[in-house]
Structures are given as structure tokens and as C-alpha cells.
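In: Just a sequence and a predicted model for now, questions to come.
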Amino acid sequence: MASIFTRIIGGEIPCHKLFENDLVIAFLDVNPLSPGHTLVVPKQEMAELHMLSPASAAALGAALPLVAGAVMKATGAAAYNILQNNGALAHQEVMHVHFHIIPKYKDGRGLALTWKPGAIDHASAAELTTRVTHELRA
Ligand code: AMP
């Protein structure tokens with residue numbers, strides 16, 4: 001079954017469309033964290049970011065700063081977060097890749113983050129670096 005975003009792309013479900021080209025669409029989130037909360041979505045229906053074709057990924061990369069700049073100018077927000085969830089455990093609800101642009105306002109409206117950094121373990125970091133670079137060469 002087509003994702004809700006594919007149905008929006010097809011015009012079956014309405015949206016407040018901000019941007020569209022052959023590979024990407026951007027529209028306002030229906031449950032915004034703050035005014036101007038926008039979703040930037042590849043037309044290629046894939047669940048997670050690493051599954052996208054290089055062409056879709058490149059088009060997303062080009063659209064994001066363009067749309068983010070327009071949202072910032074239009075809203076007058078003070079800052080913004082880009083959020084991109086992959087997998088239900090990582091809070092992904094719609095299993096079709098999307099980037100959130102979430103304007104942050106001086107009164108606090110926007111994304112609230114809890115960030116609990118640890119200290120790097122250099123031995124395990126070196127081992128992980130070996131494994132990841134091996135995957136990248138595969
Ligand atoms: P995520 O948790 O990253 O999968 O976020 C999915 C986002 O899609 C949520 O912020 C929803 O509010 C948004 N959303 C779901 N359905 C629609 C829709 N029909 N139009 C606009 N945004 C939607």
C-alpha cells in the first residue's frame with residue numbers, strides 16, 4: 001500500500017505545498033511543533049535514508065537548504081532544527097523518508113531535545129572505524 005506521503009505526492013490527499021520538482025516535494029507538517037514546521041520528502045518511496053538512490057539523495061540535499069532558507073525568511077524564526085528519523089525505535093511514524101525543518105522561536109516554540117552525551121572510548125571507536133570503513137568499501 002502506498003505511504004501517506006506518496007498519496008500526497010499523487011494529489012490524492014491535500015497538503016500545503018511549498019516546493020516541488022521531479023524528485024522532491026515539501027509541504028507543511030499537519031501537526032506542527034512550531035509555525036512553519038515543514039517536511040521535505042523524496043518522491044521515491046523508501047522507508048529509510050540509506051535506501052534512497054543517489055539521485056533522490058542528491059535532490060533532497062539540494063532542496064533542504066533552499067526550502068529551509070525560505071521558511072526562515074517567511075517565518076522570521078530565530079533558528080531551526082533539521083530532524084530525520086529512521087525506524088520506529090527512532091520515533092519514525094511515517095515509513096517514507098522525510099526531513100523535518102522545525103523553526104525555533106525565541107519564546108521556545110520548536111524542537112525540545114534531551115541530549116545526554118557520553119565520553120568516547122578510543123579503543124572501541126578505532127574498532128568501529130575499521131568496521132564502518134570496511135562497509136563503505138564493500
Ligand atoms: P516521523 O515521526 O518522523 O515519521 O514524522 C511524521 C510526520 O508526518 C509527523 O510530524 C506528522 O505530523 C506528519 N504527517 C503525517 N501525516 C501528514 C499529512 N497528511 N500531512 C502533513 N504531515 C503529516
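Out: Ah, there it is. Residues are numbered from 1 along each chain as shown.
In: pLDDT at the residue lying closest to Gly10 once chain neighbours are set aside, what is it?
Out: Among residues not flanking Gly10 along the chain, Ala2 sits closest, at 7.4 Å (Cβ to Cβ, 6 or more residues apart in numbering). Bear in mind the C-beta positions are built from the backbone N, C-alpha and C, glycine included. You'll see Ala2 listed with a pLDDT of 96.
In: and what of the one 3 residues further on?
Out: According to the prediction, Phe5 has pLDDT 98.
In: same deal with His91?
Out: Note on His91: pLDDT of 96.
In: how much space between the closest residue to it other than its chain neighbours and Lys73?
Out: Leaving aside its sequence neighbours, His91 sits nearest to Asn85 (Cβ to Cβ, 6+ apart; 4.8 Å). In this view, Asn85 and Lys73 are 26 Å apart by Cβ to Cβ, to the nearest Å.
In: How about Glu20?
Out: Counting by Cβ to Cβ, the gap from Glu20 to Lys73 is 19 Å.
In: Comparing those two, which shows the higher neighbour count?
Out: For Glu20 and Lys73, the more surrounded residue by other Cβ atoms under 10 Å is Glu20, and the numbers stand at 14 against 9.
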